[in-house]
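1. Predicted model follows, preceded by the sequence.
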Amino acid sequence: MQALDNDMRRVLTGAAAAIVVLSLFATWLWQNRQPLDAIALPPADRAPPAADALTATWFGSSMLLFDDGETQILIDAFVTRPALHELILDTPLESDAAAINRFLLDFRLDRLAAIIPGHTHFDHALDLGAIASRSRATVVGSVSATNIARGGGVPDDQLIPVTDTAELHFGEFTVTLIPSLHLAYGWNGRVPRSGTVDEDFESPAPVSAYLAGRTFTIVVAHPQGTSIVQSSAGYEPGALAGFRADVVFLSVGMLEGMGKKHAFAYWQNLVTMSGARRVVPVHFDDFTAPFGTTRLPPSFIDDFTRSSTWLLEFRDDWDRSTALELPSFGVPIAIYADDLLEAQRPGGQAQLVPSRQLFDTRLQNLRPAAVADRLAEHQRQGAAAAQPL
Ligand SMILES: [Zn+2]
């Protein structure tokens, strides 16, 4: 009996020691991360934008606010930051009403026309219902996105589900959604939590309920400049052929784990193909950090210090005149078109071109023939231009 007790004690002591060592190791892994200033990219917000400038403001992850002084468009809705244990235990997540109100007030989101998530994982769509309900903005996105919003109490007349390429107009903005692919960084080359969110979605829901749905590349065109937002580091080969953009907001989350070859193809399909003169990486931050805090994720999960050197290399090899710049949380970045700058240069011949006309020309150039054909066909069938295809 005594021998058995001693054996048992030894086993328990051994197990306790193993748990201590494993937790120490897990803590070390979690805290082993690079500082933000290890990223050798210049800031995207060097000069404060003019009062009437078109701006994009980054709010962590791939959430961006486009604002031209009259109309605001929000890409993604992710203010509530779940704690690590809530992600691991998959507990239902409630939108943080106080944090959302503070966000809407502090950053003056009082002219919000649309909320457009790139896809519907929780780090893009968790607060769709809460923000849309408080702002009356239209939710535009996949059927999963509109189901999440409806489950969060948003009425149907505030929802525009999109199943294929769609072009919508909000004030001076022309927003095009183009089907794309989510990064397949999961086990066996799969997209983690793929699948679609059903009509019976109810919030609060755990992270596992936020399935990716359809992933879209979002082209935000405006007379002052055109941006592309990619919410995940996947791509549909050739999908952007013919599209032109001035700025690409390029998701880089988990890019490093996919390897340099994937990163190169990603760069080519988003940046080289669109001819963008500026690239602003997004989704490089740890989304378990409090809203407003920018820190890199643990190096064992994702190493942006490594993938950012790849991006610099691709830029130097393929797009030498393209700037690669890092955004700061909540600081507006002026968006401008290079040809518009050219047109506004004193004495420049193009100075006489009115911006609306210049924009229409740019929009024509921006639309690939295939999209233009589908839009024309759609209009022939009598549907309104602002409705999704
Ligand atoms: Zn995702």
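-> Yes, it's here.
2. Strands of this protein, start to end?
-> Secondary structure of the chain by DSSP state E: the strands cover 55-58, 64-67, 72-75, 112-116, 138-141, 159-161, 166-170, 173-180, 215-221, 227-230, 247-251, 278-282, 323-324, 332-334.
3. export those to CSV and tack on distance to residue 132, mean neighbour count and mean pLDDT?
-> Glycine gets a C-beta too; all of them are placed from N, C-alpha and C. As requested, those are exported to CSV (distance: least, Cβ to Cβ, whole Å; neighbours: other Cβ atoms under 10 Å; pLDDT from 0 to 100):
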stretch, distance to residue 132, mean neighbour count, mean pLDDT
strand 55-58, 19, 24, 97
strand 64-67, 14, 24, 98
strand 72-75, 9, 26, 98
strand 112-116, 6, 25, 97
strand 138-141, 5, 26, 97
strand 159-161, 8, 19, 95
strand 166-170, 14, 21, 93
strand 173-180, 16, 21, 94
strand 215-221, 17, 26, 95
strand 227-230, 18, 27, 96
strand 247-251, 21, 26, 97
strand 278-282, 21, 25, 96
strand 323-324, 33, 18, 94
strand 332-334, 23, 21, 94
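4. nearest to residue 237, of those strands?
-> strand 173-180 (10.2 Å; Cβ to Cβ).
5. residue in the stretch 1-150 of the chain nearest to the ion?
-> At 3.5 Å from the ion, residue 121 is the closest residue in the stretch 1-150 of the chain, using Cβ to the ion.
6. Closest residue of the stretch 151-300 of the chain to the ion?
-> In the stretch 151-300 of the chain, no residue comes nearer to the ion than residue 232, which is 4.8 Å away by Cβ to the ion.
7. can you list the residues of the stretch 201-350 of the chain near the ion?
-> residue 232 (Cβ under 5 Å from the ion).
8. Repeat the analysis, applying 6 Å as the threshold.
-> 212, 232 (Cβ under 6 Å from the ion).
9. show me where the stretch 201-350 of the chain has helices.
-> In the stretch 201-350 of the chain, the helices defined using DSSP state H, counting those that start in this stretch lie at 255-258, 260-267, 304-318, 338-344.
10. quick one, which of these is packed in tightest?
-> Of all the helices of the stretch 201-350 of the chain, helix 255-258 carries the top mean neighbour count, a mean of 22, counting by mean count of other Cβ atoms under 10 Å.
11. which residues touch that helix?
-> For helix 255-258, contacts defined as Cβ atoms under 8 Å, 6 or more residues apart in numbering pick out 183, 185, 233, 262-263, 266, 302-304, 306-307.
12. 6 Å instead?
-> Defining contact as Cβ atoms under 6 Å, 6 or more residues apart in numbering, one finds that helix 255-258 is touched by 185, 233, 263, 302-303, 306-307.
13. likewise stretch 36-44?
-> Under the criterion Cβ under 6 Å, 6+ apart, residues 280, 305, 308, 324-327, 333 lie in contact with stretch 36-44.
14. For it, measure first residue to last.
-> Stretch 36-44 has an end-to-end distance of 14 Å (criterion: Cα to Cα, to the nearest Å).
15. Averaged pLDDT, that stretch. What do you get?
-> Taken as a whole, stretch 36-44 carries a mean pLDDT of 92.
16. Sort out which residues of it are buried, please.
-> When burial is assessed from 16 or more other Cβ atoms under 10 Å, stretch 36-44 yields the following buried residues: 39, 41, 44.
17. and the helices of the stretch 201-350 of the chain as JSON lines, adding mean pLDDT?
-> Compiled in JSON lines, the helices of the stretch 201-350 of the chain are given as follows (pLDDT from 0 to 100):
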{"stretch": "helix 255-258", "mean pLDDT": "94"}
{"stretch": "helix 260-267", "mean pLDDT": "94"}
{"stretch": "helix 304-318", "mean pLDDT": "94"}
{"stretch": "helix 338-344", "mean pLDDT": "48"}
